[in-house]
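Engineer: for reference, the sequence and a predicted model appear below.
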Amino acid sequence: MPDIPSLFGGSRSDRFDDIDQFVPEHLPDPDAFLDGHRVLDGDDHVAVHRVTRELFEERGVYDVTFGYNLARLNLDRRHPNAGFRYAADRDDPSVLLAEFTPTTPFCPQSKTLTVGAFRAWNGLADRHDYDRVRVRVAPMHQQADAINAELDAMDPADAQAATDGSTPDTGSPTAERDNDEPGTVSLSEEFEAALKRLSDETE
């Protein structure tokens, strides 16, 4: 999916860091979800984010406002406090933690984007080195608690922990990961719906 031309002007070279660069001052600080875990930086961060860009491209995880692959938000110098930070789980390094900080506390796409990211990482798990990827939105978002509760419910392991060891119903989370299952909504359909909402709001 090609980039939609920017509404904000400026040359691309001026707006974005290179995908192979790790520029801490252009990234959000790790927040509560990553606290106490091994936060990735340098080449480790770059390696994960390169794969993230590929998976988001394949699954259509696009930011409607800026018209680009969501992974590019990390590289967008205009929004140095937004994007993804990653950490390896302190108790199980095979689990990747991904925390998304939106551009504003009121970003209406945060749920769609984090759900899309969750599906991309876990639905294409054979394309990266982690057994599982857990996704959360940073607490600065006004609906962080509600969004994160839904992300919890999508992950069978998190759902089981939340019910103190009881056996979770894995049917629903499995369907959430697989866009081909009956009754699910594809990410492309979510993208179109979000684009329509954005168009309606500007009219």
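Structural biologist: Alright, I've got the coordinates.

Engineer: and the helices in this structure?
Structural biologist: Here the chain has its helices, by DSSP state H, at 12-15, 42-59, 110-123, 144-154, 156-162, 171-177, 187-202.

Engineer: rank those by pLDDT, which is bottom?
Structural biologist: With a mean of 31, helix 171-177 has the lowest mean pLDDT of the helices of the chain.

Engineer: which pLDDT value belongs to the residue lying closest to residue 103 once chain neighbours are set aside?
Structural biologist: Spatially, and ignoring its direct neighbours in sequence, residue 103 is nearest to residue 82 (4.4 Å; Cβ to Cβ, 6 or more residues apart in numbering). For the C-beta atoms, the positions are set from N, CA and C on the backbone; glycine is no exception. We note a pLDDT of 98 for residue 82 in this prediction.

Engineer: ramachandran coordinates for residue 82?
Structural biologist: phi -130, psi 150 (degrees, to the nearest 10).

Engineer: oh, and call the first residue 426 from now on, that's how I've got it
Structural biologist: Right, with 426 as the first residue, what we last looked at is residue 507.

Engineer: how far away is it from residue 542?
Structural biologist: 14 Å (Cβ to Cβ, to the nearest Å).

Engineer: so which of those two has more stuff around it?
Structural biologist: Per other Cβ atoms under 10 Å, whichever of residue 507 and residue 542 has more neighbours is residue 542, with 25 against 21.

Engineer: double-check the more buried one against residue 478; I have them as touching.
Structural biologist: No - here residue 542 does not reach residue 478: they are 11.5 Å apart, not a contact under Cβ atoms under 8 Å.

Engineer: show me what contacts residue 450?
Structural biologist: Residue 450 is in contact with residue 505, counting by Cβ atoms under 8 Å, 6 or more residues apart in numbering.

Engineer: tell me the confidence at it?
Structural biologist: Residue 450 carries a pLDDT value of 96.

Engineer: show the pLDDT at the closest residue in space to residue 442 that isn't next to it in sequence.
Structural biologist: Residue nearest to residue 442 in three dimensions, not counting chain neighbours: residue 500, with 4.4 Å by Cβ to Cβ, 6+ apart. Model confidence at residue 500, given as pLDDT, is 97.

Engineer: can you pull the contacts of residue 500?
Structural biologist: If you count contacts by Cβ under 8 Å, 6+ apart, then residue 500 has 441, 442, 443, 444, 446, 451, 508 around it.

Engineer: ok, now with 7 Å
Structural biologist: 441, 442, 444 (Cβ atoms under 7 Å, 6 or more residues apart in numbering).

Engineer: roughly how far apart are the residue lying closest to the first one once chain neighbours are set aside and residue 513?
Structural biologist: Distance criterion Cβ to Cβ, 6+ apart; nearest residue to residue 441, sequence neighbours excluded, is residue 500 at 4.5 Å. For residue 500, the distance to residue 513 under the criterion Cβ to Cβ works out to 22 Å.

Engineer: try residue 480
Structural biologist: 18 Å.

Engineer: ok, these two, which is more surrounded?
Structural biologist: Taking neighbours as other Cβ under 10 Å, residue 480 and residue 513 compare with residue 480 leading, 22 against 19.

Engineer: right, and that one touches residue 546 too?
Structural biologist: Yes - checked against Cβ atoms under 7 Å, the pair residue 480 and residue 546 is within contact range at 6.3 Å.
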